[in-house]
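S.K.: Okay, sequence plus prediction incoming.
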Amino acid sequence: MPRKSMLDPQMKALLDNLNLNGHDNELRAEPTEDAADHLCILHQRLTNGRENALRPGMLAVWKPGLKNCRFPRYGEPAVVIEVLDPPLINHKAEAWSPYYREPLDLLLGILYQDNKFLAYHFDSRRFQPYEGSDTPNR
């Protein structure tokens, strides 16, 4: 019977994936059961949620675990400027990049350093409506 690890499960999974398999220098390919469950949850968050469709003027935040850009930060609201139909498709990124062919169908405005207003394109599947207590009535 294998010995139970005293490490935090997420830390153990990270360390296990960093260990090399023998002398072939390949990373371990088998995820832990927790990692597999987490992947399924993130997939469900990414592919579901059109019932919370975002519209111009609404505030939006990242869905948990789906942030793939530096800004906005988790929990920081952004304002929906425009919903693009059809979406812009990022063809400039290399095929190995997570941004390759990403459907950019959401234009969001964020506050950046010194309250500068910037607009960026995002994949709307990664966002949900902001439900802060101080959300203005829309």
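M.R.: Yes, it's here.
S.K.: check contacts around the residue nearest the centre of the chain.
M.R.: Nearest to the geometric centre of the chain sits residue 66, at 1.7 Å (CA atoms, centre = their mean). Shown in contact with residue 66 (CB atoms under 8 Å, 6 or more residues apart in numbering): 42, 45-46, 125-126. (Each C-beta comes from the backbone N, C-alpha and C, glycine too.)
S.K.: now swap in residue 67 and tell me
M.R.: Contact partners of residue 67, counting by CB under 8 Å, 6+ apart, are 74, 126.
S.K.: Surely it is in a helix?
M.R.: No. Going by DSSP: H, G, I helix; E, B strand; the rest coil, the assignment for residue 67 is coil, not a helix.
S.K.: Need phi/psi at it.
M.R.: phi -70, psi 120 (degrees, to the nearest 10).
S.K.: Let me know the distance separating it from residue 109.
M.R.: For residue 67, the distance to residue 109 equals 17 Å [CB to CB, to the nearest Å].
S.K.: Quick one: buried ones out of the contacts of residue 66?
M.R.: Buried members of those, scored by 16 or more other CB atoms under 10 Å, are 45, 125-126.
S.K.: Of those, which belong to helices?
M.R.: Among those, the ones falling in helices (DSSP state H) are residue 45.
S.K.: Looking at the buried ones among the contacts of residue 66, which one is closest to residue 83?
M.R.: Set against residue 83, the nearest of the buried ones among the contacts of residue 66 by CB to CB is residue 125 (12.2 Å).
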